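Peer 1: generate a structure from the sequence data that follows.
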Amino acid sequence: MLRKSLVLLFLSALPFSASASAASWTLPIHSLTPGATDPAVTQQNIASTICVVGYTKTVRPPVSYTNALKFKQLSGSYGRYGSTNMKLFEEDHLIPLAVGGSPASPKNLWPEPWEGATGARKKDVLELKMHLMVCAHKITLKAAQAVFATNWYQGYLKYVAGK
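Peer 2: Here you go, the predicted structure:
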């Protein structure tokens, strides 16, 4: 319990740090999770794929797969978080399914902390914004995917926070 509290305290303090290392905790380890797209989703077919209500449910991998991957990552390559408590993390798609991210590629999945001002909930807001923009033809599919593959937090600041 003390370890969980310490991890939560540490993660919640991250956004207040101006250091480069704090920013790196917000993003996945790029060499392991660079992002991957679903070749079945193209700019030409968004109206029949990602812009259909309920689409992501049809391509989302089973929880048994994502939980096994999350535990493996937290126990190894993402051990930097200092916890294997799976409840503290969402196994998240770097490039969201809602903008044509690969559903099951380990290159597109990482254990993203729930807590903190730069946690999963903040990225979820950007995911919705980008999805709506792509479906409204205000941004291309490739451009939206690039926002996540390069630095989702900078995308959040630009498209959601208006900075």
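Peer 1: contacts for the helix or strand residue 58 falls within next, please.
Peer 2: Assigned by DSSP states H and E, residue 58 belongs to helix 55-59. The contact list for helix 55-59 (Cβ atoms under 8 Å, 6 or more residues apart in numbering) reads 38, 49-50, 97-98, 103. Using the backbone N, CA and C atoms, a C-beta is placed for each residue, glycine as well.
Peer 1: return the helix or strand in the chain with minimum mean pLDDT.
Peer 2: helix 2-13 (a mean of 40; mean pLDDT, DSSP states H and E).
Peer 1: ramachandran coordinates for the residue nearest the centre of the chain?
Peer 2: With distances taken as Cα atoms, centre = their mean, residue 94 lies nearest the centre of the chain, 3.7 Å away. Backbone torsions for residue 94, taken as degrees, to the nearest 10, come to phi -60, psi -50.
Peer 1: and it, what does it touch?
Peer 2: Taking Cβ under 8 Å, 6+ apart as the definition, contacts of residue 94 comprise 28, 33-35, 101, 108-110, 148-149, 152.
Peer 1: what do you get if the cut-off is 6 Å, keeping everything else the same?
Peer 2: 28, 33, 35, 108, 148 (Cβ atoms under 6 Å, 6 or more residues apart in numbering).
Peer 1: that one and residue 53: what is the separation?
Peer 2: 23 Å (Cβ to Cβ, to the nearest Å).
Peer 1: the helices in the protein, which residues?
Peer 2: With helices called from DSSP state H, the chain shows them at 2-13, 20-26, 55-59, 63-75, 120-135, 141-159.
Peer 1: need those helices in a markdown table with mean neighbour count and distance to residue 82, can you?
Peer 2: Output for these, formatted as a markdown table (neighbours: other Cβ atoms under 10 Å; distance: least, Cβ to Cβ, whole Å):
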| stretch | mean neighbour count | distance to residue 82 |
| --- | --- | --- |
| helix 2-13 | 14 | 6 |
| helix 20-26 | 14 | 11 |
| helix 55-59 | 14 | 31 |
| helix 63-75 | 15 | 9 |
| helix 120-135 | 18 | 17 |
| helix 141-159 | 18 | 21 |
